[in-house]
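Novice: Quick one: sequence plus predicted model below, questions after.
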Amino acid sequence: MNSPHKKLIAVIAISIASGTAFAHTHTANTNALQLAQAEESNYPILPSFASTKTRAEVKAELQQAREKGLLATTDSDYPKLPVVTSSKTRAQVKAELEQSKASDEGKRLDKEQYSG
């Protein structure tokens, strides 16, 4: 038997041995902790939770915390921008674009903006 075949057999043997060891460890963990069985999940089953507050109470507490500055802010905590609706129709915007292209306004603005 040449060397590549020996290496392949060794890799297969190690894979089988480690798979068996993993299966044994997995079985031990399953016995120690009740696990969720949905779609082979191994997440622990959490105890049920019943809130003592209403949704309105939680929202009021959250608003108070925001006002007092008690909430941590992250990059995703940008203020919500007001919704802006256009007063122009799609046809009007397209006409303005064509007019701008015809007058070379876009090229002039590009030169001003990108002149280094």
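Specialist: Perfect, thanks for sending it.
Novice: check contacts around the residue minimising distance to the centre of the chain.
Specialist: Centroid-nearest residue in the chain, with C-alpha atoms, centre = their mean: residue 76, separated by 11.9 Å. Taking C-beta atoms under 8 Å, 6 or more residues apart in numbering as the criterion, residue 76 is in contact with no other residue. C-beta coordinates here come from the backbone N, C-alpha and C atoms, glycine included.
Novice: Which pLDDT value belongs to it?
Specialist: For residue 76, the model assigns a pLDDT of 73.
Novice: Over to residue 80?
Specialist: In the predicted model, residue 80 carries a pLDDT score of 74.
Novice: tell me which element it is part of?
Specialist: Taking DSSP states H and E as the definition, residue 80 sits outside all helices and strands.
Novice: Tell me how many other residues crowd it.
Specialist: By the other C-beta atoms under 10 Å criterion, the neighbourhood of residue 80 contains 5 residues.
Novice: For it, what are phi and psi?
Specialist: Torsion angles at residue 80 (phi, psi; degrees, to the nearest 10) stand at phi -70, psi 130.
Novice: follow-up on the earlier one: assumed the residue nearest to the centre of the chain was part of a strand.
Specialist: No: if the criterion is DSSP: H, G, I helix; E, B strand; the rest coil, then residue 76 is coil and not within a strand.
Novice: ok, it to residue 17 distance?
Specialist: Remark: distance between residue 76 and residue 17 (C-beta to C-beta, to the nearest Å) = 46 Å.
Novice: Same check on residue 72?
Specialist: Taking C-beta to C-beta as the measure, residue 72 falls 48 Å from residue 17.
Novice: Of these two, which one has the most company?
Specialist: Comparing residue 72 with residue 17 by neighbour count (other C-beta under 10 Å), the higher total belongs to residue 17, at 10 against 6.
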